[in-house]
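1. here is the input, now give the coordinates:
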Amino acid sequence: MCAAMSMALARPAAAQTNCTANANAAVECFVGNAVSTNLTKPRYGMSLAQFKTYGVAVSQILQTHHTYLVLTGLASAIADAMPPTNADGSANQSAQDIAVSQIVDAATTAKFTPTPSGASAQDLQWFTLDLVNAMNDNDGVMQMLTPGVGLRVLDSYVVTATSGGSVNWTNADSKIDTAIQNLITSGLLKVPAEMTLAEVQTFANSIARAIYAYKVATNRTAL
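-> Residues are numbered from 1 along each chain as shown. Got it, this is the predicted structure:
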């Protein structure tokens with residue numbers, strides 16, 4: 001099997017498939033050649049075939065302005081406010097990865113992030129993980145730009161609703177809902193046409209829970 005795959009990768013792209021058949025075929029050829037020349041490699045446990053399919057999904061995400069914009073914004077906020085480290089500075093990549101998955105899932109559920117044709121919710125998570133991993137190494141730029149301020153604001157409501165290590169979620173959710181309503185009323189927050197106020201509030205509450213789970217995993221008291 002390995003020998004057959006090596007031979008396939010060694011063949012020119014045109015011999016592997018018709019790279020000019022359509023846009024997806026072109027992307028698959030690009031991904032295959034990138035792997036064969038060590039420019040990149042499959043990740044998240046993907047086979048080469050799955051990685052090619054993911055490459056097609058990424059191309060669809062990049063062509064869907066709304067989705068690409070939202071995921072980039074979420075990635076920068078997470079890289080800033082929820083780094084892959086514990087409170088003591090030791091590495092904890094899994095805590096950040098789980099936070100990414102939970103937050104992107106919340107955005108998808110709230111219809112804040114449309115899933116493009118040819119992509120899946122899992123592809124959106126993987127794409128955001130790729131962005132966050134790239135942004136993690138930022139030489140302090142993220143702290144200067146503070147794209148994670150929104151996450152820190154949500155966390156402030158979780159902190160004030162926490163007593164003895166336990167969160168009063170009824171209290172936290174109520175304060176977050178009121179804050180969202182006030183931001184909308186004052187014109188500081190615009191609700192997308194395809195979303196309702198309740199969906200925005202549910203989205204914010206879901207992010208608050210992802211933040212709390214991240215803090216527990218990293219032993220942080222606040223973002």
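
2. which parts of this protein are strands?
-> Per DSSP state E, the chain carries strands over the ranges 162-163, 166-167.

3. okay, those strands in CSV with distance to Gln60, mean pLDDT and mean neighbour count next?
-> Where C-beta positions appear, they are placed from N, C-alpha and C, glycine not excepted. Below are those laid out as CSV (distance: least, C-beta to C-beta, whole Å; pLDDT from 0 to 100; neighbours: other C-beta atoms under 10 Å):
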stretch, distance to Gln60, mean pLDDT, mean neighbour count
strand 162-163, 40, 95, 13
strand 166-167, 38, 96, 14
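
4. how is the protein partitioned into domains?
-> Domain assignment of the chain by automatic domain parsing yields the ranges 2-62, 65-218.

5. by mean pLDDT, show me the worst of these.
-> Lowest mean pLDDT within the domains of the chain: domain 2-62, at a mean of 79.

6. show me what contacts the residue nearest to the spatial centre of the chain?
-> The centroid of the chain falls nearest to Thr128 when counting by C-alpha atoms, centre = their mean (3.1 Å). Residues in contact with Thr128 (C-beta atoms under 8 Å, 6 or more residues apart in numbering) are 71, 74-75, 78, 100, 104.

7. out of those, grab the one that's most surrounded.
-> Per-residue neighbour counts (other C-beta atoms under 10 Å) across the contacts of Thr128 peak at Ile78, which has 29 neighbours.

8. neighbours around the closest residue to it other than its chain neighbours, how many?
-> Excluding its sequence neighbours, the residue lying closest to Ile78 (C-beta to C-beta, 6 or more residues apart in numbering) is Val132, at 5.3 Å. By other C-beta under 10 Å, the residues close to Val132 number 23.
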